[in-house]
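Enquirer: Structure, please.
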Amino acid sequence: VNWTDHGAVASLKDFKWNEKTNGAWAPQCIERNGKFYLYVPIHGEGVSVLVSDSPTGPFTDPIGKRLVDSDHIWQDIDPTVAIDDNGQAYLYWGNPGLWYVKLNEDMVSYDHSIGDNGIVSIEMTTEAFGSQQGRDGKERASYTEGPWFYKRNNLYYMIYAAKGIPEYIAYSTAPTADGPWTYRGIIMERADLLAFTNHAGIIDFKGNSYFFYHDQALSKGEGFKRSVSVEQFNYNADGSIPLITPTKEGVKKSVSSINPYTRVQAETIAWSEGLKTSGNSQSGVYVSQINNSDYLIVRSVDFGKGAKTFEACVASASEGGQIEIRLDNSNGELLGTIDVKNTGGEKNWATVKGKVKKITGVHDICLVFKGGEGELFNFDWWVLK
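Expert: Predicted coordinates:
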């Protein structure tokens, strides 16, 4: 329920050999043997790969060229990767087709002995991927793009955007990683708040299952300006996935609590209004563009037996302002107010502190920013004492 913004972790500029494009589609990252491999579909250059020691980068190019060498590189988009129980890694991708390679253990090359020089094309049948009516009026498979491939309880799943624009989310399953695939149905139908390009991902995390998808609520209808949303769900007893309804609230129950007695990064947020994030090499990512009445919410904060003081690291080139610490929402009970003065610059950081009302247990808190006209200050971290 709380997410920490780490800023940009990789860039097309990391591909030094690629000078003729300025765009990419949806990447996916996976860890193996302590390394993180980011598979990136570049406009007109197909699927390439970056590697890092951390999911937050920095990433570097291990091979100096595209990874997948095909004759349909403009269709080589939206890679999805998973490692089977026997150690064999599979990389699937594609629009409007679906292809895969068997990655070698190094994760930056693949087995060329299968398929067409290593690339296997999946037959797009309606039995495998459902049906829709094509532009020519003929029935065709409903698979469109955005595959998400994984294994759970000896069953292989392929989640994908279906039925063209606007997209549904559907899925198929198979007894092996190579198929054959059988269409299982729709996971998420169309809704007004969803982006018309709605791609999905599914994970199990701390004993719960989560479905990630795209809406356009924050951009107020701009379908290419997608926001990430997530819903918790339960598999049916036979492993099938139920129909999931998108909600504004998303995940209702956290799986762990925030410890406010160690530094909490200001960019760790459940919800915010108005503000943005920025970053530099000295302080990392921080909350910026804070104006009067902007706020952020952090959910499931464990106050324990209660605190006496709230401390915050801030920087201001203006008259500053205040941070109100409130329970639950921007109009909730006021626990304390911290004054922020001019620190001599927007990156000249200083620690400010103030008393807070004693409260115990686990609560959501809302930090409300108050002040005059214009940007008030930047905000790096906070802690209770």
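Enquirer: and Thr21, how many neighbours?
Expert: 12 (other C-beta atoms under 10 Å). Just so you know, the C-beta spots here come from the backbone N, C-alpha and C atoms, and that holds for glycine as well.
Enquirer: Tell me, how many residues neighbour the closest residue to it other than its chain neighbours?
Expert: Nearest-residue entry for Thr21: His43, 4.8 Å, with adjacent residues in sequence omitted and distances by C-beta to C-beta, 6 or more residues apart in numbering. Residues near His43, counting by other C-beta under 10 Å, number 16.
Enquirer: my guess is His43 meets Phe15, correct?
Expert: No: using C-beta atoms under 8 Å, His43 makes no contact with Phe15, being 11.8 Å away.
Enquirer: show me what contacts Arg326?
Expert: By C-beta atoms under 8 Å, 6 or more residues apart in numbering, the contact list for Arg326 reads Gly332, Glu333, Leu334, Leu335, Ile365, Cys366, Leu367, Val368.
Enquirer: can you give me the helices for the protein?
Expert: 126-129 (DSSP state H).
Enquirer: which stretches of it aren't confidently modelled?
Expert: Along the chain, the parts satisfying pLDDT under 70 run over 280-283.
Enquirer: rewinding a little: and the contacts of Arg326, which two are the farthest apart?
Expert: Glu333 and Leu367 (13.7 Å; C-beta to C-beta).
Enquirer: Which one's more surrounded, these two?
Expert: Comparing Glu333 with Leu367 by other C-beta under 10 Å, the one with more neighbours is Leu367, at 25 against 12.
Enquirer: show me where the stretch 51-200 of the chain has strands.
Expert: If DSSP state E, counting those that start in this stretch is used as the criterion, the strands of the stretch 51-200 of the chain fall at 80-83, 89-93, 99-103, 120-121, 131-133, 139-141, 143-152, 155-162, 168-174, 182-188.
Enquirer: Flag every buried residue along the longest one.
Expert: Same thing as strand 143-152. Neighbour-count burial for strand 143-152, counted by 16 or more other C-beta atoms under 10 Å, picks out Tyr143, Thr144, Glu145, Gly146, Pro147, Trp148, Phe149, Tyr150, Lys151.
Enquirer: Which pair of the residues you listed spans the longest distance?
Expert: Going by C-beta to C-beta, the pair spanning the buried residues of strand 143-152 furthest: Thr144 and Lys151, at 22.6 Å.
Enquirer: so who does Ser172 touch?
Expert: The neighbourhood of Ser172, defined by C-beta under 8 Å, 6+ apart, consists of Ala128, Phe129, Gly130, Tyr157, Met158, Tyr160, Trp181, Thr182, Tyr183, Arg184.
Enquirer: Show me what it bridges to in the sheet.
Expert: Met158, Tyr183 (DSSP bridges).
Enquirer: picking up where we left off before, adding distance to Ser229, write the strands of the stretch 51-200 of the chain out as JSON lines.
Expert: Formatted as JSON lines, the strands of the stretch 51-200 of the chain follow (distance: least, C-beta to C-beta, whole Å):
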{"stretch": "strand 80-83", "distance to Ser229": "19"}
{"stretch": "strand 89-93", "distance to Ser229": "23"}
{"stretch": "strand 99-103", "distance to Ser229": "28"}
{"stretch": "strand 120-121", "distance to Ser229": "32"}
{"stretch": "strand 131-133", "distance to Ser229": "24"}
{"stretch": "strand 139-141", "distance to Ser229": "27"}
{"stretch": "strand 143-152", "distance to Ser229": "15"}
{"stretch": "strand 155-162", "distance to Ser229": "15"}
{"stretch": "strand 168-174", "distance to Ser229": "12"}
{"stretch": "strand 182-188", "distance to Ser229": "10"}
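Enquirer: Select, out of those, the one closest to Lys20.
Expert: strand 89-93 (20.8 Å).
Enquirer: Kindly indicate the member of the contacts of Arg326 with the most neighbours.
Expert: Busiest of the contacts of Arg326 [other C-beta under 10 Å] is Ile365, holding 27 neighbours.
Enquirer: Quick check: that residue touching Leu296?
Expert: No: the pair Ile365 / Leu296 is not scored as a contact, 9.4 Å apart, by C-beta under 8 Å.
Enquirer: follow-up on the earlier one: buried only: go through the contacts of Ser172 for me.
Expert: Buried among the contacts of Ser172 (16+ other C-beta under 10 Å): Ala128, Phe129, Gly130, Tyr157, Met158, Tyr160, Trp181, Tyr183, Arg184.
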